[in-house]
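Q: Structure for the following, please:
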Amino acid sequence: MAKVSVEEFNQLVARELEWASETGLRVEEMEAGRSLMRLPYQSRSIRPGGTISGPHMMMLADACMYAVVLSLIGEVKLAVTTNFNINFLRKPALTDLLADGRIIKLGKRLAVVEVSVMTAEERELVAHATGTYSIPPLET
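A: The predicted structure follows:
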């Protein structure tokens, strides 16, 4: 069972990450060590060349990683990205994007996560990201 629910995470985004909330970014599914997140299509997400911009896909992947980490450790706001890598695999259709994130390894101070970014309708893989989150020490 996840330590943070879908509703709790979406409220955290609305409260603490207003810039991300304005894009419509939201978690749709969450379980311990996994999260499925949606970024609704918006015309302001398009870059020259008629595709969804890399920074929007990166935001989606990183936010999904954060959700995965919090699903395992609870609402620890100072868990932060320390490493992020993304491979853009193909031009996405102009549609909602989904990010399916899973934990690779959870330690006391670091969490390693992978995320597949895909189109919502066809579930076509458009990017793959990996990242590391730093987990602050527990307060005693």
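Q: and the longest helix for the chain?
A: Determined from DSSP state H, the single longest helix within the chain is helix 54-73.
Q: In three-state terms, label the spatially closest residue to Leu110 that is not a sequence neighbour for me.
A: The shortest distance from Leu110 to any non-neighbouring residue, by CB to CB, 6 or more residues apart in numbering, is to Thr132 (5.7 Å). Every C-beta, even on glycine, is put in place using the N, C-alpha and C of the backbone. Secondary structure, DSSP: H, G, I helix; E, B strand; the rest coil: Thr132 is strand.
Q: is it true that Thr132 touches Thr82?
A: Yes. In this structure, Thr132 is within contact of Thr82 by CB atoms under 8 Å, at 5.0 Å.
Q: What's the end-to-end length of stretch 22-33?
A: Using CA to CA, to the nearest Å, the end-to-end distance of stretch 22-33 comes out at 26 Å.
Q: quick one: buried residues of that stretch?
A: By 16 or more other CB atoms under 10 Å, the buried positions in stretch 22-33 come out as Thr23, Leu25, Arg26, Val27, Met30, Gly33.
Q: and the residue nearest to the first one when sequence neighbours are not counted, what is it in contact with?
A: So that's Thr23. Distances taken as CB to CB, 6+ apart place Leu39 nearest to Thr23, at 6.3 Å, with adjacent residues excluded. Leu39 sits next to Thr23, Gly24, Leu25, Ser45, His56, Met57, Met59, Leu60, Asp96, Leu97, Leu98, Ala99 when contact means CB atoms under 8 Å, 6 or more residues apart in numbering.
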